[in-house]
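> I need the structure of the sequence given here:
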Amino acid sequence: MMTDFDADLDLKLERLIRATPETIWRCWTEPDLFAQWYVPKPVEVVEVNNDLKPGGRSSPTMKLPDGTVFPGEGCFLLIEPMRRIVITDALTVGFRPAATPFMTADITLTPADGGTLYAAHVMHPDAEARKKHEAMGFKDGWSTALEQLDALVQTL
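Model (predicted):
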């Protein structure tokens, strides 16, 4: 079941990626590939601990250009191979509640002419969190990551 889009609480982004859902799936499930596209450069993913199963750990560790290390910690809620990933930072591994939930992202991969429609529906607990995410550069950051994903899949 998908949650309806709520403009007060949610952000969304869609992009046609010039690859099959299977190829994009590899970029989510193979740590070396995931690290190449997941965050906009010059930020780097320096460690990937993702266990793509419901309740599995989502933990990409990022390094900012100034050397600051930023560990991400979340949980996969739903996995439909080659089709859908639902991930959140509201929970950690094993569905344990997190102290400061910020978002849940519902990523869908839909075959389309010329590739796959990659859609991200990002839900927040309140309007303030949504505005904060938008101000942090959601559109530019996530768009850049998807451009990197599109470039990467062309090499596979």
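
> in stretch 100-108, what counts as buried?
In terms of neighbour count (16 or more other Cβ atoms under 10 Å), stretch 100-108 has its buried residues at 102, 103, 104, 105, 106, 107, 108. No exception for glycine: its C-beta is placed from N, CA and C like everyone else's.

> looking at the residues you listed, which are in strands?
Among the buried residues of stretch 100-108, DSSP state E puts 104, 105, 106, 107, 108 in strands.

> by contact count, what packs against the helix or strand hosting residue 32?
If you go by DSSP states H and E, residue 32 is part of helix 31-37. Applying 3 or more Cβ pairs under 8 Å, 6 or more residues apart in numbering; DSSP states H and E, we find helix 31-37 packed against helix 21-29, strand 44-50, helix 138-153.

> dump these into a markdown table; add distance to residue 92 as well.
Compiled in a markdown table, the helices and strands packed on helix 31-37 are given as follows (distance: least, Cβ to Cβ, whole Å):
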| stretch | distance to residue 92 |
| --- | --- |
| helix 21-29 | 19 |
| strand 44-50 | 12 |
| helix 138-153 | 22 |
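
> which stretch among those is buried most, on average?
Of all these, helix 21-29 carries the top mean neighbour count, a mean of 19, counting by mean count of other Cβ atoms under 10 Å.

> what angle sits between that helix and helix 138-153?
110 degrees (axes from the mean of the first three to the mean of the last three Cα atoms, to 10 degrees).

> re earlier: so which of the buried residues of stretch 100-108 comes closest to residue 149?
Lowest distance from residue 149 to these (Cβ to Cβ) belongs to residue 107, with 11.1 Å.
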